[in-house]
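**Q** I would like the atomic coordinates for the input below:
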Amino acid sequence: MNVPTYEQVDELPRHLERVVPPEFIDENGHVNIGRYLELGGTALWLRCQRELGMPDDYIAQRGLSTFTAEHHLTYHSEVLEGHDVSVRVRLVGRSGKVLHAVCLIVDETHRRLACTMETTIVHMDLTSRRPVDFPDEVAALIDAGLEADDLSWPAPVCGAMGVRRR
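**A** Numbers count the residues shown, from 1 in each chain. Model prediction:
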């Protein structure tokens, strides 16, 4: 895995920002694993809502949503209570029904990458509980996001997961 520099990661917009609160800290004195999942998952959901055509009423109006199929977390540095963090979501690839992304969790206090959360999400029909293709307008927005996220540096992916093409 190629670990990007802070300057490279800073090319991506911030989809979530916050100060690490005391309740994020575990018995080892640093951010707990579950909180990294929460940060990455929240940032990805916000990007889906704000930029990828799946707003707040997407579930209620269309009966469609996304389910997480897989996560891969990689830790690069510790994050402690009181640190400023941001999450940048980089789209990596897609098929008709699956989106592959990596959430870059950044320790803004020390200007370094703290964690990557690579994920695949599957577009679902909530009535049939089965995967379905992204609607055309959503697919077009995802494609535009993929183009915008096609940067000069490789996405920090594990290489063991992604979009299967059949």
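
**Q** in the longest strand anywhere in the chain, which residues are buried?
**A** Longest strand in the chain by number of residues, with DSSP state E as the criterion: strand 112-125. Judged by neighbour count (16 or more other C-beta atoms under 10 Å), strand 112-125 contains these buried residues: 112-124. Just so you know, the C-beta spots here come from the backbone N, C-alpha and C atoms, and that holds for glycine as well.

**Q** one more: stretch 148-160?
**A** Within stretch 148-160, the residues that count as buried by 16+ other C-beta under 10 Å are 149, 155-157.

**Q** need the residues you listed in CSV (columns: distance to T42, pLDDT and secondary structure).
**A** CSV is the format used below for these (distance: C-beta to C-beta, whole Å; pLDDT from 0 to 100; DSSP: H, G, I helix; E, B strand; the rest coil):
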residue, distance to T42, pLDDT, secondary structure
D149, 19, 98, coil
A155, 20, 96, coil
P156, 19, 96, coil
V157, 20, 94, coil
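
**Q** burial check on H100, number of neighbours?
**A** Residues lying near H100 (other C-beta atoms under 10 Å) number 23.

**Q** quick one, what contacts it?
**A** 91-94, 118-120, 161-163 (C-beta atoms under 8 Å, 6 or more residues apart in numbering).
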